[in-house]
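**Q** Pasted the sequence and its predicted model underneath.
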Amino acid sequence: MSNENKNIRIKKEEQLKVIGMHCATCSITVKKAISKVNGVEDAEVNLATGDAKIIANNLNLKEIVKSIRSSGYDVATQLVVAKLNINPEEISGLKNYLESLDGVIEVKIFPNGIIKVEYNPLSTSSSVIIEKIKERGYIINLIEKETKVEEIEKKEFRNMLTKLIVGIIFSSITLLLEFRGITLLALISSFPVYFYSGYNYHKGALRAIKNKTGNMDVLVSLSSSIAFFYSIYAVFSHIQPIIDVTVLLITFVLVGKTLESYFKYKLSLLVKSNIKNKVRKIINNEEKVVDVSEVNVGDVIILKSGDQVPIDGIIDEGTVEVNESVITGEPLPVKKTKGEPIISGSIIVSGYAKVYVTRSGERSYISQVINAIRDAQSIKLPIQNLVDRVSLFFVPIVLIISIVSFLIWHFVIGINLFKSLLFAIAVLASACPCALGLATPMAIVATINKAAKKGIIIRNGENFNNLKKINTMVFDLTGTLTEGKISVKSYKEYKDNAIKLAASVESLSNHPIAKAISNLNNEKVKVDEFEEFVGEGVYGKVGENIIIIGKKDFVKQNCNNSINEEGDIYVCINGEIAAIINIEDKPKSEVFELLNKLRKNNIKVIIATGKERVDYFKDIDNIEIYTGLKPEDKVEIIRKLKSSGNYVAFVGDGINDSQALAEADVGIALNSGNDIAKMAGDIIINDINSITELFNISVKLERKIKQNLAWAFGYNSILIPISAGLLYPILYLQPEFAALAMSMSSVIISVWSYI
């Protein structure tokens, strides 16, 4: 085949359905987003159909979809969610295999065996993906709803426990019969242990061999099978069998694996919503108890003391005290009255309220947080690449050591076949690739859940690694570094009723500055027309009066006379300056300490704000301040910083910050902020103080992973030589106890990850 033909074959074509395009500019933006991905040779975007046709060399569908979404649009994809019986050391291989398939966008496999495959329905289907997984030898159980994950984990733990109980009962019988010399009955009584309790290991071993990989199942199955079939030979040849090794080896491995399964089950309980199934709903002015799935946006529900809030909503009537610790990490209850928001997952401590539903089901905040936490647990840090490479050769090396130890003891040293086999089996039983596979993911899972308990929601787990690289932090000002309680400091009125008209127009906006201006006058007049310009100001029409309120540059473009006097907000009526308003928003008490800590850690601090003036921070050394910015200006600052080689985090809380949060290497959104900002952020925090804790969490995670890996490597490095008889007869590990030690290694790592 010619080189030209080879080049043609590696080119791939993909078609995606893009969501959200409504004009020619949209299609151009999407095309640019696709074209900037490495390997893309050509892209055609059809606005009418919403289709994007891509031709690429070494197509990276995941990066293309990510680029489209970063540009502000979405891609129509579908999801397969299932449960697999998979060992940690197999995860990387299966993930890479599935992501190499046509149409597969991203694969996430969690430590508990839950798998999520996002795919392009125009290129492949769930049935194709499921079939490909089955071809690799895995049993797959589809999950219709993620709320069933906990039940699956519980079922798996119970199955493991059942196998362990069978193993304990028949192992005891086997040992008793073998001790009394009734070897044939002892052999028969070992069958349930070998074939039932050990079934998963034998099946996993066959799957691994079929896929040309090595895992823990291979080692457990091989070691127990050698002991089992040797014992059959020994019983009928009237020589000493090792039936006890067979049953105890499998049973002791199950002890560790059952404990590990229990920890995974408890972990799934940490991230489930626990939202109640029934709720009191107002139907035709009557209170009726219905399933929470029947609650929709616009309904009104009743909440009383002790209730857990199943939806997001606004209090329509009544007063309650709410424990929001599941969201904020703050245990003290908060008083909520009419007009105030109430968040799903929180608990009514006291009181009674009617709540207007704004979001329910999977769209509720707590559901999105839970899904974000679960997704973050599947990330793969760079250090895992080293573990994957080691795991690839681990089992073959252990097999070689086992064979060599047998050959040396039997043919070189001259020990009998029985004893030599024990050394070989002990090597196989003691090696623990599972500990290596669990070291990183268990630490990540534990850390993400600990952070969630403190009110820090890590939506994108890859940012653990990114946080270490941050050398520049860009902060929004209002509501982020300041209290967000804007008030009018002073104003000058050049035309009669200017403030009254301005207050009337601003009363139609929810912006904090608008609310402060609105409060200047309680006598509002009717506003006939209103339009808000994000990050600039507002326009309104009252009778014959055209009113424009906003920043200096915005107002200046629409005002006839020049603006000489400095102020924060300008009011223009019928083309003439009518008033100048000065506002203030005091910094949060903890902000200055935070900024000093960041600068001491050599992190450059930048404040980017839409305000024209920033008085509180202007005298602090080594802080850059950019004022009068539009939302796109903040994005441009971040892009310039990144192009200069900086690793940038952006911290914000408003809808104006959504683009900047998405553009930054790490986007940190304040929990008190707008929902859109939260969803754009990679990390959600409760308050500005959490930034210090966030960096501490990142450092602790890295330390915990290194400790786990040191244990896993050290454990195997010490245990395998001892099992091979290096210190015999001073120190020797029998195969069954080697298996127990091996299985407990994973348990130790699981426990240590949570300490």
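**A** In hand now; what should we look at?
**Q** And the helices in the stretch 601-750 of the chain?
**A** Secondary structure of the stretch 601-750 of the chain (DSSP state H, counting those that start in this stretch): helices at 631-643, 658-663, 675-680, 690-723, 735-754.
**Q** What's the mean pLDDT across the third one?
**A** For helix 675-680, the mean per-residue pLDDT is 53.
**Q** With adjacent residues omitted, what lies nearest to residue 590?
**A** The shortest distance from residue 590 to any non-neighbouring residue, by Cβ to Cβ, 6 or more residues apart in numbering, is to residue 689 (5.2 Å). The C-beta positions use only the backbone N, C-alpha and C, and glycine is treated the same way.
**Q** how many neighbours does residue 552 have?
**A** Neighbour count of residue 552, defined by other Cβ atoms under 10 Å: 18.
**Q** Over to residue 697?
**A** Number of residues near residue 697 (other Cβ under 10 Å) recorded here: 21.
**Q** That one reaches residue 449, doesn't it?
**A** No - when contacts are counted by Cβ atoms under 8 Å, residue 697 is not listed as touching residue 449 (11.3 Å).
**Q** Quick check: phi and psi at residue 350.
**A** Phi and psi for residue 350, reported as degrees, to the nearest 10, are phi -160, psi 160.
**Q** could you dump the helices of the stretch 601-750 of the chain to a markdown table with distance to residue 567?
**A** Below are the helices of the stretch 601-750 of the chain laid out as a markdown table (distance: least, Cβ to Cβ, whole Å):
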| stretch | distance to residue 567 |
| --- | --- |
| helix 631-643 | 21 |
| helix 658-663 | 26 |
| helix 675-680 | 28 |
| helix 690-723 | 32 |
| helix 735-754 | 55 |
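**Q** least reliable of those going by mean pLDDT?
**A** Among these, helix 675-680 scores lowest, at a mean of 53.
**Q** do you know how far the residue lying farthest from the centre of the chain is from residue 183?
**A** The C-alpha centroid of the chain is most remote from residue 238, which lies 58.7 Å away (Cα atoms, centre = their mean). Residue 238 sits 9 Å away from residue 183, taking Cβ to Cβ, to the nearest Å as the criterion.
**Q** And for residue 478?
**A** Distance, residue 478 to residue 183, using Cβ to Cβ: 82 Å.
**Q** just residue 211 next, same as before
**A** Remark: distance between residue 211 and residue 183 (Cβ to Cβ) = 37 Å.
**Q** between those two, who's got more neighbours?
**A** Set residue 211 next to residue 183 and count neighbours by other Cβ under 10 Å: residue 183 wins out with 20 against 17.
**Q** For the residue lying closest to that one once chain neighbours are set aside, give me its contacts.
**A** Counting by Cβ to Cβ, 6+ apart, residue 183 lies nearest to residue 235, which is 4.9 Å off, once chain neighbours are set aside. By Cβ atoms under 8 Å, 6 or more residues apart in numbering, residue 235 lies in contact with 183, 184, 187, 241, 243.
**Q** who wins for most neighbours among the residues you listed?
**A** In terms of neighbour count, residue 243 stands highest of the contacts of residue 235 at 27 neighbours, by other Cβ under 10 Å.
**Q** Which of the three states applies to the closest residue to that one other than its chain neighbours?
**A** Distance criterion Cβ to Cβ, 6+ apart; nearest residue to residue 243, sequence neighbours excluded, is residue 231 at 4.6 Å. Under the three-state scheme (DSSP: H, G, I helix; E, B strand; the rest coil), residue 231 adopts helix.
**Q** closest to residue 711 among the contacts of residue 235?
**A** Proximity of the contacts of residue 235 to residue 711, judged by Cβ to Cβ, is greatest for residue 243, which lies at 32.8 Å.
**Q** Now for the residue nearest to residue 341 when sequence neighbours are not counted: which residues touch it?
**A** Leaving out its chain neighbours, the residue that sits closest to residue 341 by Cβ to Cβ, 6+ apart is residue 314, at 5.8 Å. Neighbour list for residue 314: 339, 340, 341, 342, 355, 356, 358 [criterion: Cβ under 8 Å, 6+ apart].
**Q** Please report which of those residues has the highest neighbour count.
**A** Ranked by neighbour count (other Cβ under 10 Å), the contacts of residue 314 have residue 355 at the top, with 27 neighbours.
**Q** where exactly do the strands run in the stretch 251-400 of the chain?
**A** Here the stretch 251-400 of the chain has its strands, by DSSP state E, counting those that start in this stretch, at 278-283, 286-291, 300-304, 312-323, 334-336, 341-342, 347-359.
**Q** quick one: which of the contacts of residue 235 sit in helices?
**A** Those of those mapping onto helices are 183, 184, 187, 243, per DSSP state H.
**Q** Which single one of those residues is nearest to residue 19?
**A** For the ones in helices among the contacts of residue 235, the residue nearest residue 19 by Cβ to Cβ is residue 243; the value is 63.0 Å.
**Q** wouldn't the closest one be in contact with residue 182 here?
**A** No - between residue 243 and residue 182 there is no contact under Cβ under 8 Å: 10.7 Å.
**Q** follow-up on the earlier one: any idea how many residues pack against the residue nearest to residue 590?
**A** 15.
**Q** Ok, the one 10 residues further on next?
**A** Residue 699 is flanked by 12 other residues according to other Cβ under 10 Å.
**Q** Distance check, it against residue 464.
**A** According to Cβ to Cβ, residue 699 stands 10 Å off from residue 464.
**Q** what does residue 119 give?
**A** The value you get for residue 119 to residue 464, if Cβ to Cβ is used, is 27 Å.
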